[in-house]
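K.L.:
fold the following and give me the result.
(one chain, ligands or ions: 1)
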Amino acid sequence: MISPNHMASMPVSSVVVLSGAGISAESGVGTFRDNGGLWENHRIEDVATPTAWQKNPELVWNFYQTRRRQLLEVEPNLAHIALSKLEDDVKEFTLITQNVDDLHERGGSTNVFHMHGRLRTLRCEISQKHEERMKKDDLGDDFLLCNCCVEPNRLRPDIVWFGEMPMHLEEIYEAVENCDYFIVIGSSGHVYPAAGLVNIANSCGAKTILVNFDSPANASEFDEIHLGKAGKILPNLVNDWLN
Ligand code: APR
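P.N.:
Residues are numbered from 1 along each chain as shown. Purely as a prediction, here's the structure:
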């Protein structure tokens, strides 16, 4: 166990944070596995897959359009804001998120890697180019066409589905292999490669800290564990570290 103020003694600390759905829970964004991992009685694993998109694109499109519209109704919570404060005061800070919402950015974080994609952008199925499409006309039930091809093509959700390669892995491994502190917030530790990053951090000598409501599948990998709501715990932890 390291004392919370241990970080303050290393102003040149390099900090990497990995967040999961739990950090957005207090903003009203549902997590994946707290309510049995269901969306309208569909298993997420049955909706968030390339096969589902091929077989039933309307169902998958409706799932993501519903979540994209929800972005307009939710706000960052105290945990998102605490991370933005930590980023401002630490020499090197990298935020890796499994979340596809935009609450980290709206909470003030800047150096954010969305390893499972983003709801705000859509991706051309032909060119693979991403485009931000969050205007009112982009949030209906109809499929949308790209602006990047001469003959416009259908856009897909810019999400990494089960069986697809997560994004930004090179930058993510580089940051985790070279950090002094690796902090995981709000993740059940079920999905790899995200759940394995703590093992890399440990093997590279980082101090590993967890903030989570429940004890996750990979709890034994952490040097320090804080169980409870991130919106309650993180602001105090960040204040302890920085003062
Ligand atoms: N504060 C802190 N932790 C919380 C809170 C909270 N207020 N509410 C819930 N949690 C914790 C739960 O205890 C759980 O361990 O957040 C975790 C959420 O776990 P999941 O729902 O599995 O979400 P996550 O770990 O982000 O899932 C990883 O799985 O479905 C895929 O691609 C999807 O990115 C997602 C990935």
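K.L.:
for the ligand, what's the nearest residue on the chain?
P.N.:
Gly22 (2.3 Å; Cβ to the nearest ligand atom). C-betas here are computed from N, CA, C, even on glycine.
K.L.:
identify, by residue count, the longest strand of this structure.
P.N.:
For the chain, the strand with the greatest residue count under DSSP state E is strand 117-124.
K.L.:
ok, then the element right after the lowest-mean-pLDDT helix or strand in the chain?
P.N.:
The helix or strand of the chain with the poorest confidence is strand 38-39; it has a mean of 66 (mean pLDDT, DSSP states H and E). Next along the chain after strand 38-39, taking DSSP states H and E as the criterion, comes strand 42-43.
K.L.:
quick one: mean pLDDT for that following strand?
P.N.:
The average of the pLDDT scores along strand 42-43 is 78.
K.L.:
before we move on, the earlier item: show me what the longest strand of the chain is packed up against.
P.N.:
The helices and strands touching strand 117-124, judged by 3 or more Cβ pairs under 8 Å, 6 or more residues apart in numbering; DSSP states H and E, are helix 57-70, strand 130-132, strand 155-159.
K.L.:
rewinding a little: contacts only, for the closest residue to the residue of the chain closest to the ligand other than its chain neighbours.
P.N.:
Nearest residue to Gly22 in three dimensions, chain neighbours excluded: Gly186, at 2.3 Å (Cβ to Cβ, 6 or more residues apart in numbering). If you count contacts by Cβ atoms under 8 Å, 6 or more residues apart in numbering, Gly186 has them with 19-25, 31, 79, 211-213, 230.
K.L.:
show me the two of those residues that sit farthest apart.
P.N.:
Maximum pairwise distance in the contacts of Gly186, criterion Cβ to Cβ, is 14.4 Å, between Thr31 and Val211.
K.L.:
neighbour count: those two, which is higher?
P.N.:
Val211 (27 against 18; other Cβ atoms under 10 Å).
K.L.:
hmm, who's touching stretch 100-110?
P.N.:
Contacts to stretch 100-110, defined as Cβ under 8 Å, 6+ apart, come from residues 19, 23-24, 27, 29, 67, 71, 74-77, 80-81, 83-85, 87-88, 95, 97, 112, 114, 116-120, 159.
K.L.:
what's the closest non-adjacent residue to Ser84?
P.N.:
Leaving out its chain neighbours, the residue that sits closest to Ser84 by Cβ to Cβ, 6+ apart is Gly108, at 3.1 Å.
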